[in-house]
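J.: the following block contains a protein sequence and its predicted model.
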Amino acid sequence: KNQVEQSPQSLIILEGKNCTLQCNYTVSPFSNLRWYKQDTGRGPVSLTIMTFSENTKSNGRYTATLDADTKQSSLHITASQLSDSASYICVVSAGENRDDKIIFGKGTRLHILP
Amino acid sequence: DSGVTQTPKHLITATGQRVTLRCSPRSGDLSVYWYQQSLDQGLQFLIQYYNGEERAKGNILERFSAQQFPDLHSELNLSSLELGDSALYFCASSVALAGAFDSYNEQFFGPGTRLTVL
């Protein structure tokens, strides 16, 4: 069964600290993995998109890694800021034709405290 | 601001009713996606249209339907509404040159419509 599991469910850290969010997936055939940031009550915003051949991608203070062998991804946030408080959603796509599937994780809720 | 607009922002209706949600994609984007986000299920893909034609289908109920018009705006119709249909409904758009969710196909999400069914 195609699944995307994220951990932790929620996380509280102090401003300025680093943190790492995890995403494990069982999706086949794997096409790509995306990380989204979603502020409360707003639409998700894309942070990174990675294909099978990419194992790391950065977007400012956000760095995503992908291990296609173990089917794991992580999102590392460096020097956190109050504006990083949001839900972070891992999304895995399978296939690249009319049978495309997209599976969402339930997200990690990150709270940054001053 | 992603450039994707959705109306209305909020909608409150009763069970059994029918509503229409509207989405205008970013300028130049030919593809529109609809998603449902509820507290217990998270985000779920419903359906995609590309240049007026249905392109991919996800977990869309038979009571729901969508279409994309020649000016590329899209509408999501929800009928015989149930309490469980209360959710945030997002529209996203992309250029969609190739597969619906391939790595070259970044999607830009609108602000969503919050539907409450009483």
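T.: That came through fine.

J.: neighbouring strands - and their directions - for the lowest-mean-pLDDT helix or strand in chain A?
T.: For chain A, scoring each helix and strand by mean pLDDT, DSSP states H and E identifies strand A:101-104 as the least confident one, at a mean of 85. If you go by DSSP bridges, strand A:101-104 pairs up with strand A:86-94 (antiparallel).

J.: dump the partner strand to PDB, keeping only the CA atoms.
T.: Written as PDB, here are the backbone C-alpha positions of strand A:86-94 (Å, rounded to 0.1, in the frame of the first residue of the first chain):
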ATOM      1  CA  ALA A  86       4.000  26.100  10.200                       C
ATOM      2  CA  SER A  87       3.100  22.600   9.100                       C
ATOM      3  CA  TYR A  88       5.600  20.800   6.900                       C
ATOM      4  CA  ILE A  89       4.200  18.200   4.500                       C
ATOM      5  CA  CYS A  90       6.000  15.500   2.600                       C
ATOM      6  CA  VAL A  91       4.400  14.500  -0.700                       C
ATOM      7  CA  VAL A  92       5.500  11.500  -2.800                       C
ATOM      8  CA  SER A  93       4.500  11.000  -6.400                       C
ATOM      9  CA  ALA A  94       4.400   7.700  -8.200                       C
END
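
J.: give the rounded mean pLDDT of it.
T.: When pLDDT is averaged over strand A:86-94, the result is 93.

J.: now that strand, how far from the chain's geometric center?
T.: Between the mean C-alpha point of strand A:86-94 and the mean C-alpha point of its chain there is a distance of 5 Å (CA atoms, centre = their mean, to the nearest Å).

J.: so what touches it?
T.: Taking contacts as CB atoms under 8 Å, 6 or more residues apart in numbering or on different chains, the residues outside strand A:86-94 that touch it are A:2, A:4, A:6, A:21, A:23, A:25, A:27-40, A:44, A:47, A:73, A:75, A:100-110, B:42-43, B:101-102. (Glycine included, C-beta is placed from N, CA and C.)

J.: now do the buried residues in it.
T.: Within strand A:86-94, the residues that count as buried by 16 or more other CB atoms under 10 Å in any protein chain shown are A:Ala86, A:Ser87, A:Tyr88, A:Ile89, A:Cys90, A:Val91, A:Val92, A:Ser93, A:Ala94.

J.: now stretch B:33-42
T.: Taking 16+ other CB under 10 Å as the neighbour-count basis, stretch B:33-42 is seen to contain the buried residues B:Tyr33, B:Trp34, B:Tyr35, B:Gln36, B:Gln37, B:Gly42.
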